[in-house]
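Peer 1: Predicted model and sequence below, questions to follow.
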Amino acid sequence: MAGKLKIGKLVVIGVGLIGGSFALALKRARAVRRVVGVGRTRGNLSDALRLKVIDEASRDPAQAVRDADLVLLATPVGQMSAVMSAIAPNLPAHAVITDAGSTKRDVIACAQRFLGARGARFVPAHPVAGTERSGAHAAFAGLFEGRTVIVTPQAGIAAGAVTVVRRAWEACGARVVRLDAGAHDAILAAVSHLPHVIAYALVNMLARRPDPARLFGLSAGGLRDTVRIAGSSPEMWADICVANRDALLAALEDYGNELEQTRAAIERADAQELKLLFARARAAREKWLVKKRS
């Protein structure tokens, strides 16, 4: 893979939004010759073939990775141990393995346990991109354009493997940054995992009220914007919450303290305190989020 990045055989295990978009982006960049997609359901693999996300489908990850140049594990993080255990015996010595999981410490632990010597060519990664949609039909080549991909390689990882993964994500249009795995999990717990938990909880709270159809029918854009991510995959997010539970529980405690401060101000009818809390939040949003998008 010297010179211009050229991947002979890419194996994507988990052909959903992330895995499928990775394949499409590399195809668009002419950086891959053949893409083999691995999945559990025939329907999704058929969609991936029909939409030309992949060139070949397989339901056997161990068989699929034979003669692979690059393997992307894009399954829910709860499946990583089973997948790594299955593919380890058949991974070629030159193959580079990476993942797209939203948690990193648990995935690294799986790699250390199950990949053996091939673990020296495993580069943990997390594309900070996505939508609330899932499945191969949700994939699109531009998903990663201008987005950040975090890599968290451990000591002893082959430098060449890190280079391949970095260049692959850059070919997708992403900006690649390196981060310690523990720092990654703490940050993502606050800015990604916590918002998903809040969105799911808010929808559940409203759905349990009397006449929820009327309630949701009278809602406007504010609710839809707030709970959009509650349309994400329940399986994936349950796995993430369990895998990153320590960091997520700390983030939930901080959020609960913030909510309590707001609740107390409302109980006191303290409009001035509420104004200060809301103004501080609006200023932070404009400084760190609005400008980030512009």
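Peer 2: Received it, and whenever you're ready, just let me know what you need.
Peer 1: alpha carbons only for contacts and neighbour counts from here, please
Peer 2: OK.
Peer 1: Leaving out chain neighbours, which residue sits closest to the residue most central in space within the chain?
Peer 2: The centre of the chain sits closest to S102, judged by Cα atoms, centre = their mean, with a distance of 4.4 Å. Distance criterion Cα to Cα, 6 or more residues apart in numbering; nearest residue to S102, sequence neighbours excluded, is H126 at 5.8 Å.
Peer 1: quick one: G116 and A88 touch, right?
Peer 2: Yes: look at G116 against A88 with Cα atoms under 8 Å: they come within range, at 7.5 Å.
Peer 1: of those two, who's got more company?
Peer 2: The neighbour comparison of G116 against A88 (other Cα atoms under 10 Å) goes to A88, with 19 against 13.
Peer 1: now do the same end-to-end measure for stretch 264-274.
Peer 2: Terminal residues of stretch 264-274 are spaced 10 Å apart (Cα to Cα, to the nearest Å).
Peer 1: Can you give me the buried ones in it?
Peer 2: 265, 273-274 (16 or more other Cα atoms under 10 Å).
Peer 1: any idea how far it is from the chain center?
Peer 2: The chain centre lies 38 Å from the centre of stretch 264-274; the measure is Cα atoms, centre = their mean, to the nearest Å.
Peer 1: Show me the contact partners of it.
Peer 2: For stretch 264-274, the surrounding residues in contact (Cα atoms under 8 Å, 6 or more residues apart in numbering) are T262.
Peer 1: what about G222, which helix or strand?
Peer 2: Taking DSSP states H and E as the definition, G222 sits inside helix 221-227.
Peer 1: Could you give the average pLDDT over that helix?
Peer 2: Averaged across helix 221-227, pLDDT comes to 94.
Peer 1: Could you list every helix and strand in contact with that helix?
Peer 2: Other helices and strands packing on helix 221-227, by 3 or more Cα pairs under 8 Å, 6 or more residues apart in numbering; DSSP states H and E, are helix 194-207.
Peer 1: Now do the top helix by length along the chain against helix 194-207, angle only.
Peer 2: Determined from DSSP state H, the single longest helix within the chain is helix 245-267. Regarding helix 245-267 and helix 194-207, their directions subtend 60 degrees when assessed with axes from the mean of the first three to the mean of the last three Cα atoms, to 10 degrees.
Peer 1: can you give me the strands in this protein?
Peer 2: Using DSSP state E, the strands of the chain run over residues 7-13, 32-38, 56-58, 70-73, 96-99, 122-123, 125-128, 148-151, 175-178.
Peer 1: just checking, what packs against the second one?
Peer 2: So that's strand 32-38. strand 7-13, helix 17-28, helix 42-50, strand 56-58, helix 61-64.
Peer 1: give me that answer again for 7 Å
Peer 2: The criterion is 3 or more Cα pairs under 7 Å, 6 or more residues apart in numbering; DSSP states H and E, and the helices and strands that strand 32-38 contacts are strand 7-13, strand 56-58.
Peer 1: The shortest one pairs with which strands?
Peer 2: As defined by DSSP bridges, the strand partners of strand 56-58 come to strand 32-38 (parallel).
Peer 1: May I see the helices and strands packed on strand 32-38 organised as a markdown table, with mean neighbour count added?
Peer 2: A markdown table is the format used below for the helices and strands packed on strand 32-38 (neighbours: other Cα atoms under 10 Å):
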| stretch | mean neighbour count |
| --- | --- |
| strand 7-13 | 24 |
| strand 56-58 | 19 |
